[in-house]
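Asker: just to be clear, the model below is a prediction. Sequence and coordinates:
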Amino acid sequence: MARRMRKYMLAILDIFLIILSFIMSYYLKFEGQIHRISPALLRNMFYLLAVALVVKLLCFVLFKLYSSLWKYAGPYELGIVAMATLISNGILLLLVILDFEISGRTSLRAPRSIFIINFLTDVVIIGGSRFMYRVFRRFMYGERLRFNGAKRVLIIGGGDAGALVVKELNNNPKLNYTPVAIIDDDAMKWGKKLNGVSIVGGREKIIETVARKRVDEIILAIPSAKPRDINDIYAICSKTNCRIKILPSVTQLIDESVAVQRIRDVKIEDLLGREPIKLNCDKIVKYIKGNVVMVTGAGGSIGSELCRQIAFYMPARLVMLDNYENGLFEIQNELIHKCPGLDIVPVVANIRERQRIDSIYRIYRPDIVFHAAAHKHVPLMELNPTEAIKNNVFGTQNVAECADKYGVKRFVLISTDKAVNPTSVMGATKRIAEMIIQSLNARSKTEFVAVRFGNVLGSNGSVIPIFKKQIENGGPVTVTHRDVERFFMTIPEAVQLVLQAGAMASGGEIFVLDMGEPIKIYDLARNLIKLSGFEPEVDIDIVFTGLRPGEKLYEELLLDEEGLQSTMNDKIFVAKPVFENAEILEKQLVQLREAVLLNPDEAVNMIKKIVPTFNHARNGLGTNGLKAYSETSSMV
């Protein structure tokens, strides 16, 4: 009812404005000398005005001028007014040219130029009334809000996205934001204004502008910027006490009205400092669609994401295998709701049990296997080396040999950068797993490949969840060493790499992701504390606990002798196989199995024989070491 009444009131207002515009056009035509108008023309003017009221109001309704939100009036709305008045005046001109008669006696007559003048006066008076309404609202409501504690905002980015953000903040006073300055690295823009807000300089001016303009929040509105630039700009912004938000992607700006809704807090993923992976989805669809796909470790962080993304490519059946029933139950329920037509088979099994794995292959006959099941925590595996060997080595051997036995088309092993020149038991066992599949590939029809990548943000037991928990508890955040560095990627990116590698595989390769520059864990901790709204080493302390047994300062992605070959994806490379002697490996694995059963201490020495690059510096943790481990972050 209120909306209908509002439309009626606007229509009544327009009637008065149309009359005013019409009279004004005659006044301008005759240069203010009304006495020059003949009585016949004056009488005809009133007839024409009556017709004009009907024609123009109909055009306004057709162009939905009474459905617009005039409190947000802008160039688009002005264009609609101009189009409606242009067409209505065109219709009136046509009626005059055709000598249209009213009541069969009086023809519509007027100077032709009157309609050009009337079009201009309509745009100025009717269009201007909409803008005056907007100005009135901002004066009555907006200015009062801004003087009552409105947040002062600095916009980073003077491009299209920045213009949209500034415009919407100005048009929505109830948001209680005031853009006070813009930063842009393009020197050609400095000193100019964008939607009324000054562009004050490049990123070197951020800290100075925040202090001078008393900025409360900073919005990064540069969705096309490279991740490295985002990282550098965030590093500068984090030196202020401002809350920092980001407009993530220009593709999300479907229209101008959603710009502010897309602004969100900066996430740690935004600060990885490298480009996202581009996929060849057609190739992935080609080798997954219609095939039976099995994922081991399906309840884990990587395995569950593999299941999510594989489901998108329409396999004939998805066999999800895990020894941890809770994780398996969760991903099963999720996919049942998201993919109701997908044939899902959850299997609770332990990859160490050869007969059980054999029976699973025999029953479900998978075409493609993604092997993600593994023990991955470096310090825990130092305490329990035989468990790492049983799972990562012999579990992989079971799954891989059954893949060969039952004619699997493609087998993809999830490996790690810690397999390169390993210093930990976990890393060494993953290197042996790589050697096993390379050995099998040489004599099998199955295409065996490995995908090697670094640390995954947000995976179970990884550094981010542990840091977050420590921050929630008030600190301190524990870092092993100030200079320790790691390569990072997000879980979805890691899985995309695995799927793409599977599409590229021809057998025997180790695929490696170009992960950009490594990130210091200390910097990661500081950024996460800042993103949580605290000041590092003021509100939350950072404590260095020392490198743990088996831990490196720096991770590597390649052995010296492996080399790199480029692929069709500029972020994915392939290392040439370096393992050749399958007979020796087979004998060594028999000896390793005996050592695990009879002499656990000898098992670690046996690993050194299998992996010559294994440089193990085991100090032993003991009770105190175990306590220290439980209080520090996992770098897996």
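Answerer: In hand now; what should we look at? Computed from a predicted model, the values in this text were never measured in an experiment.

Asker: tell me how far the residue nearest to residue 187 when sequence neighbours are not counted lies from residue 165.
Answerer: Excluding its sequence neighbours, the residue lying closest to residue 187 (C-beta to C-beta, 6 or more residues apart in numbering) is residue 202, at 7.1 Å. (Glycine included, C-beta is placed from N, CA and C.) Distance, residue 202 to residue 165, by C-beta to C-beta, to the nearest Å: 18 Å.

Asker: what does residue 229 give?
Answerer: Note on residue 229: its distance to residue 165, by C-beta to C-beta, is 18 Å.

Asker: equivalent analysis for residue 437, please.
Answerer: To residue 165, residue 437 is 50 Å away according to C-beta to C-beta.

Asker: could you do residue 55 as well?
Answerer: With distances taken as C-beta to C-beta, residue 55 is found 40 Å from residue 165.

Asker: have a look at the two and say which one is more surrounded.
Answerer: Regarding residue 55 and residue 165, a neighbour count based on other C-beta atoms under 10 Å identifies residue 165 as having more, with 31 against 18.

Asker: I'd say the more buried one and residue 219 touch.
Answerer: Yes - taking contacts as C-beta atoms under 8 Å, residue 165 lies within contact range of residue 219: 6.0 Å.

Asker: which one is residue 447 nearest to, not counting chain neighbours?
Answerer: Leaving aside its sequence neighbours, residue 447 sits nearest to residue 507 (C-beta to C-beta, 6+ apart; 3.9 Å).

Asker: looks to me like residue 511 is in a strand.
Answerer: Yes - counting by DSSP: H, G, I helix; E, B strand; the rest coil, residue 511 is part of a strand.

Asker: is it in a bridge, and if so with what?
Answerer: Beta-bridge pairing for residue 511 (DSSP bridges): residue 451, residue 574.

Asker: so which strand or helix has the spatially closest residue to residue 582 that is not a sequence neighbour?
Answerer: With sequence-adjacent residues excluded and distances taken as C-beta to C-beta, 6+ apart, residue 582 is closest to residue 439, at 4.1 Å. Secondary structure assignment for residue 439, by DSSP states H and E: helix 425-441.

Asker: what distance do you get for residue 131 to residue 78?
Answerer: The gap separating residue 131 from residue 78 is 8 Å, by C-beta to C-beta.

Asker: residues contacting residue 542?
Answerer: Taking C-beta atoms under 8 Å, 6 or more residues apart in numbering, we find residue 542 in contact with 475, 476, 477, 478, 479, 522, 525, 526, 529, 536.

Asker: quick check, the second one in contact with residue 467.
Answerer: No - counting by C-beta under 8 Å, residue 467 is not a contact partner of residue 476; they are 10.6 Å apart.

Asker: for the protein, what helix or strand is lowest in average pLDDT?
Answerer: Ranking every helix and strand in the chain by mean pLDDT, DSSP states H and E puts helix 622-630 at the bottom, with a mean of 35.

Asker: which one's the longest helix in the protein?
Answerer: When the chain is parsed with DSSP state H, its longest helix is helix 2-29.

Asker: report the mean per-residue pLDDT for that helix.
Answerer: When pLDDT is averaged along helix 2-29, the result is 80.

Asker: what's it packed up against?
Answerer: In terms of contacts (3 or more C-beta pairs under 8 Å, 6 or more residues apart in numbering; DSSP states H and E), helix 2-29 is packed against helix 39-62, helix 113-122.

Asker: mean pLDDT lowest where, among those?
Answerer: Comparing mean pLDDT across the helices and strands packed on helix 2-29, the weakest is helix 39-62, with a mean of 82.

Asker: just how off-centre is that one within its chain?
Answerer: Counting by C-alpha atoms, centre = their mean, to the nearest Å, helix 39-62 is centred 56 Å from the centre of its parent chain.

Asker: please enumerate residues in contact with the next helix or strand after it?
Answerer: Using DSSP H and E, the helix or strand that follows helix 39-62 in sequence is helix 75-97. Residues outside helix 75-97 that contact it (C-beta under 8 Å, 6+ apart) are 48, 51-52, 55-56, 58-60, 62-65, 68, 70, 108-110, 112, 115-116, 118-119, 122-123, 126-127, 130-131.
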